[in-house]
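Trainee: no sequence on this one, just coordinates:
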């Protein structure tokens, strides 16, 4: 992300080509994310025809001071914003993208182009504002220094660095890692990730050391190195090739390459290794040979050795962590960025799932609410008990039959019907399998249709004879009939 030195270079560039000249017209591209609080057409309309009186900066924000009535354009680069003057090399933050080799105008990812009138009939100068990842912001403010975001920023190390006697209390009252404090834009405007690491390296202070625990000597050294690093970088127009050889910036970009940790040579000739830790949610470079962690450090993962997998994950997330200084997010423009974000989200989801699955589910009884004396508490508990009983009763009831004219069954009804049909089919199969199988001689031929018919007729005849014989038999006599028949037989004899 462009920090104080890079933004100062951009402001100087605009001042060199536009100060004292008129904006002939403005070309804009609609972008509701980058243009904040104003649409692109209004932005172009309010700037056209006005003269650039000055270019100012505070922290990472810069703006144009224009004549006449109307608001001033206020710009923040975000993570990948930059200015590009036609015919000149773009002012990249750290390295030139591979897909930006060919000259074209307007260049890729342009949000607006200022056409600055040339002197004495010379061609106009074109200044393009580019932002590939759309994390920058373009606003219009009537009085930029008295309105957000500028009014919410802390001191600027170049423009308004407080004296040591004022700086020291500001540090001591903050009980947080010193690296996190330096990144707080309401404390020190313009100090970003690489500037903070550079300052702490030169001050020989570990980034996890708590600000409130720093000694007076450490605070004095910190105050000095903030000014030293920012002023040195600004004096060389943020050209990293001109930074001193002993600076951390010259060596920090080799992270993760060829499986070796980057190293640098200390002023005393010793070789030291750059390690990576996370402080305040940001990846931080630290040289433990000179930056010793005190007893009051936050003790984050500095002392723990990282596995190869974790190191790879942090490598993929390094650029994503830089975006935390922007207040709003947008869609990444490249597939690589999207891939890194997907993998990062997957890792977070996996960790969250593991943590949630390890927690036992608490059992909640209907009467678990603490009893109170008021009626409302008793009513709540009573309703909870009724609901619990209703759920138990409904689960024990058989499934009701659905009338043909009733509403169509839902997925739950359909599921119950399927299970019922399956049970019936299972019972029918069991019943049929329990019937004895007729014995068939292994050497007999299978019966033909004529034989089968003959057997049926034979069984029918037998059944008919059985019925006829049973109907011709006299009914059985009772005891009275038997006695009367016996008397008649004796008389006849």
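Mentor: Okay, I see it. Keep in mind that what you see is a predicted model, and the values were worked out from it rather than measured. Residues are numbered from 1 along each chain as shown.
Trainee: for this structure, give me the ranges with low pLDDT.
Mentor: Applying pLDDT under 70 to the chain flags the ranges 91-102, 254-261, 295-338, 353-375, 394-412, 431-451, 467, 469-493.
Trainee: all strands for it, in order.
Mentor: 23-28, 52-58, 61-66, 72-76, 82-85, 110-116, 125-130, 137-141, 263-265, 271-273, 275-279, 282-286 (DSSP state E).
Trainee: right, and the ones you listed - which one's nearest residue 383?
Mentor: Taking CB to CB, strand 275-279 is the member of those nearest to residue 383, at 48.6 Å. (Glycine included, C-beta is placed from N, CA and C.)
Trainee: in its sheet, what does that closest one sit against?
Mentor: Strand pairing for strand 275-279, using DSSP bridges, gives strand 282-286 (antiparallel).
Trainee: now the strand it pairs with: buried residues?
Mentor: Buried positions in strand 282-286, judged by neighbour count with 16 or more other CB atoms under 10 Å: 282-286.
Trainee: could I get those as a markdown table with distance to residue 1?
Mentor: Formatted as a markdown table, the buried residues of strand 282-286 follow (distance: CB to CB, whole Å):
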| residue | distance to residue 1 |
| --- | --- |
| 282 | 11 |
| 283 | 12 |
| 284 | 14 |
| 285 | 15 |
| 286 | 19 |
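Trainee: between those residues, which sits nearest residue 58?
Mentor: Closest to residue 58 out of the buried residues of strand 282-286 is residue 282 (22.2 Å), distances taken as CB to CB.
Trainee: surely the closest one is in contact with residue 194?
Mentor: No: if you go by CB atoms under 8 Å, residue 282 and residue 194 don't touch, sitting 10.6 Å apart.
Trainee: circling back: point out the most buried one among the strands of the chain.
Mentor: Mean neighbours per residue, mean count of other CB atoms under 10 Å, is largest over these for strand 72-76, with a mean of 24.
Trainee: contacts for that one?
Mentor: The contact list for strand 72-76, computed with CB atoms under 8 Å, 6 or more residues apart in numbering, reads 43, 47, 60-66, 81, 129, 136-142, 144, 149-150.
Trainee: quick check: angle from that strand to strand 125-130?
Mentor: If you take axes from the mean of the first three to the mean of the last three CA atoms, to 10 degrees, strand 72-76 sits at 50 degrees to strand 125-130.
Trainee: how many neighbouring residues does residue 170 have?
Mentor: Using other CB atoms under 10 Å, residue 170 has 16 neighbouring residues.
Trainee: with residue 241 instead?
Mentor: Other residues within reach of residue 241, judged by other CB under 10 Å, total 6.
Trainee: try the one 5 residues further on
Mentor: Taking other CB under 10 Å as the criterion, the count of residues near residue 246 is 13.
Trainee: any idea how far apart the tips of stretch 174-194 sit?
Mentor: Stretch 174-194 has an end-to-end distance of 22 Å (CA to CA, to the nearest Å).
Trainee: buried residues, it. List them.
Mentor: Neighbour-count burial for stretch 174-194 [16+ other CB under 10 Å]: 174, 177-183, 185, 187-194.
Trainee: all helices for the stretch 101-250 of the chain, in order.
Mentor: 164-172, 178-183, 193-203, 216-235 (DSSP state H, counting those that start in this stretch).
Trainee: follow-up on the earlier one: show me the one of the strands of the chain that comes nearest residue 413.
Mentor: Checking the strands of the chain against residue 413 by CB to CB gives strand 275-279 as the closest, at 53.7 Å.
Trainee: now that closest one against helix 193-203, angle please.
Mentor: Put simply, strand 275-279 runs at 110 degrees to helix 193-203, going by the same axes, to 10 degrees.
Trainee: neighbours around the residue nearest to residue 158 when sequence neighbours are not counted, how many?
Mentor: In space, and not counting its chain neighbours, residue 158 is closest to residue 230: 5.6 Å by CB to CB, 6 or more residues apart in numbering. Number of residues near residue 230 (other CB under 10 Å) recorded here: 24.
Trainee: tell me which residues touch residue 230, please.
Mentor: By CB under 8 Å, 6+ apart, the contact set of residue 230 is 4-5, 157-158, 190-191, 195.
Trainee: am I right that residue 154 is in contact with residue 184?
Mentor: Yes: using CB under 8 Å, residue 154 is in contact with residue 184, at 7.3 Å.
Trainee: would you mind measuring the gap between the ends of stretch 148-162?
Mentor: End-to-end distance of stretch 148-162 (CA to CA): 21 Å.
Trainee: who touches that stretch?
Mentor: By CB under 8 Å, 6+ apart, the list of residues contacting stretch 148-162 from outside reads 4, 8, 57-59, 61, 63, 74, 76, 141, 144-145, 167, 170, 184-191, 223, 226-227, 230-231, 234.
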